[in-house]
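# okay, structure incoming, though there's no sequence with it:
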C-alpha cells in the first residue's frame, strides 16, 4: 500500500491506496473552509497552522496500515509554500520511521489522475484544468509526457469566482456560492465582454472580467447580485469554450477531460458537453468528491510512479510553489 498526503492549500488529506488493485482503502479530508471564510480567501499562515493540527490526527487513524506500506507520497509542487512544508515534513518523518521510500507528486498531475481513482488510466487525452490557482489546457500522452498548450495570463477561472464572491460579500469558497446564486439569475442581463475574444492567442485571462463585475456590483444593490452572478458565470465559461473551439480547429479532440476544483461547476460542464457534440468526442469527468484537492488523487499518481521507480531522496524532495507544467 501507499500512504499519500495532500496539503497544497487549505485541505488536509491522507489516503491509503492498494498498489496491486488501485483500491482506495482509506481517505479522509479535513477542510478549512469555515476558518478562512471570514477572510474571504485562504490565509497561508492560518492554513499552515491548521494543517499542523489536522494531519497528525488523520495519520493516527492510518496506523493499522503501517505494516503494509511500501512508500509514502506527498504533494511537493505547486501550492502555498508554508502549507506544502507541512505535508512534506510529515512524509519525510514517515519515510525515516518506517524505512520506506519517498515519492514527490505534482499536484496538477494529481488532478489529471483524479479521473482514474480506483481505475486503470487511459491516454492520450486533452485536459482542461480549472482550479483556484490554475487554468490550463494540457495534452497528456502518459505520466511522463504532459504538454501545456494554453494557460491563463493572470487570474484563474476558479480564482475569479472566489474574488467575485468576495466582492459580493458571499464568503469563501466562491465557486459553489456563485453557482447557487446564478441559478435564479438572468445570464444575459449584463453584457460583459468575453476576454481576448478578438485575440488569435489561445490563452486565458480573467482580470478584465473580474473588474467589469466589480464595476457592476458598485452600481447595483444586492437584488441584482443574482443577475450579475449569472452573467459572470456565463461569460467566464464562454471564454473557455471560445478558446477551446479555436484550439479544436488545430487539434481535433477525441477524449477530453475537465479536472480541478472548478470542474465541479455544473454550468461549465454543460457548456463543454455542447462544445464537444459536433466532434463526437468523449468527455471524462472526475467524481464530484474528487474534483477538489484530495489525497486519493495523489495516491493514484503515486502507484504509477512507484511501479516506474520514480522515488525521491530525502535531500532531493523539496517544495516548489510553482509547477513546471
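Right, received. Where do you want to start? From a predicted model like this one, the values you see are computed outputs, not experimental measurements.
# all contacts plus neighbour counts: C-alpha atoms, from now on.
Will do.
# ranges for the strands of this protein?
Ranges of strands in the chain, per DSSP state E, are 2-6, 11-17, 24-31, 71-77, 102-106, 125-130, 135-142, 145-151, 255-259, 282-285.
# got the angle for the third one vs strand 2-6?
With axes from the mean of the first three to the mean of the last three CA atoms, to 10 degrees applied, the angle from strand 24-31 to strand 2-6 works out at 20 degrees.
# could you identify which of the strands of the chain is most buried?
Greatest average neighbour count among those goes to strand 2-6 (a mean of 31), per mean count of other CA atoms under 10 Å.
# which secondary structure elements does it contact?
Applying 3 or more CA pairs under 8 Å, 6 or more residues apart in numbering; DSSP states H and E, one finds that strand 2-6 contacts strand 11-17, strand 71-77, helix 81-98, helix 295-307.
# let's see that with 10 Å instead.
strand 11-17, strand 24-31, helix 44-61, strand 71-77, helix 81-98, strand 102-106, helix 295-307 (3 or more CA pairs under 10 Å, 6 or more residues apart in numbering; DSSP states H and E).
# do you know how far residue 23 is from residue 278?
36 Å (CA to CA, to the nearest Å).
# more neighbours, these two?
Using other CA atoms under 10 Å as the criterion, residue 23 and residue 278 rank with residue 23 on top: 16 against 8.
# okay, the more buried one: pLDDT?
Residue 23 carries a pLDDT value of 98.
# not counting sequence-adjacent ones, nearest residue to it?
residue 118 (5.0 Å; CA to CA, 6 or more residues apart in numbering).
# residues touching residue 313, list them.
92, 101-104 (CA atoms under 10 Å, 6 or more residues apart in numbering).
# in TSV: the residues you listed, plus pLDDT.
Output for the contacts of residue 313, formatted as TSV (pLDDT from 0 to 100):
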residue	pLDDT
92	98
101	98
102	98
103	98
104	98
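# residue 198: which of these is nearest?
residue 104 (40.8 Å; CA to CA).
# residue 298 is in contact with the closest one, correct?
Yes - with contact defined as CA atoms under 10 Å, residue 104 counts as touching residue 298 (9.3 Å).
# joint contacts of those two?
4-5, 73-75.
# ok, which pair from those is furthest apart?
Maximum pairwise distance in the shared contacts of residue 104 and residue 298, criterion CA to CA, is 8.2 Å, between 4 and 75.
# quick check: neighbours shared by the two?
What both residue 4 and residue 75 touch, as defined by CA under 10 Å, 6+ apart, is the set 87, 91, 103-105, 295, 298-299.
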